[in-house]
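Student: I would like the atomic coordinates for the input below:
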Amino acid sequence: MKKAIGLLEFKSIARGMVAADAMVKAAQVELLQASPVCPGKFLVLVAGDVGSVQSSLETGASAGEGVVIDQFFLANVHEAVFPALTATSPVEPEGSLGIVETFSAAAAVVAGDVAAKAANVDLLEIRLARGMGGKSFITMSGDVASVTFAVEAVEKAIAPEGMLVEKAVIPAPHRELWQQLI
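Tutor: Model (predicted):
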């Protein structure tokens, strides 16, 4: 059962791959993502029980010593975060659309968790840094009040760290926009 999530971001693709391999060999974790991201970095995202994720992160940080740019650990992750990371959320978007754009992949995962815990919203996607110059974003749907509350909760959580690029709530998106998101 996935309860925790951990992320390491490397400035070296080769060392990131070495670290990813060491991380999954070190502990019983699921490798959610191990891929190059813009601009020329490597991102490793793992999930599992708290102890396994912590152990995996320690191993990965050691294997990538000197090239780790960022890392984070989040225990007790909302279950909606996992399908949103792979854009496979089992929801039909409806109502309003919330978008939060972040400066880092770690901030986007935290944003998704905060949004899902703050209000009755459906996480649609957490897109991590691929093809966006290192930025990331999350999308969510639900009634206008819930989406607005969730977006405001995310802003309070990540803006003080300087990780918020922009946020928006579209009360009634056109059906063609919804079709692009699913």
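Student: looks to me like Ser35 is in a strand.
Tutor: Yes - according to DSSP: H, G, I helix; E, B strand; the rest coil, the state of Ser35 is that of a strand.
Student: list the contacts for it?
Tutor: Taking Cβ atoms under 8 Å, 6 or more residues apart in numbering as the criterion, Ser35 is in contact with Phe42, Leu43, Arg130. Heads up, the C-betas are built off the backbone N, CA and C, glycines and all.
Student: surely the last one and Lys41 touch.
Tutor: Right, Arg130. No - taking contacts as Cβ atoms under 8 Å, Arg130 lies outside contact range of Lys41: 10.5 Å.
Student: in three-state terms, label Pro39 for me.
Tutor: Applying three-state DSSP: Pro39 is coil.
Student: distance check, it against Ser56.
Tutor: Distance check for Pro39 against Ser56: by Cβ to Cβ, to the nearest Å, it reads 26 Å.
Student: likewise Val169?
Tutor: As judged by Cβ to Cβ, Val169 and Ser56 stand 36 Å apart.
Student: among these two, which residue is more densely surrounded?
Tutor: Neighbours per residue (other Cβ atoms under 10 Å) separate Val169 from Ser56, with Ser56 holding more: 30 against 18.
Student: what's the helix or strand that one falls within packed up against?
Tutor: When elements are assigned from DSSP states H and E, Ser56 belongs to helix 50-63. Judged by 3 or more Cβ pairs under 8 Å, 6 or more residues apart in numbering; DSSP states H and E, helix 50-63 is in contact with strand 4-10, helix 13-26, strand 41-48, strand 68-74.
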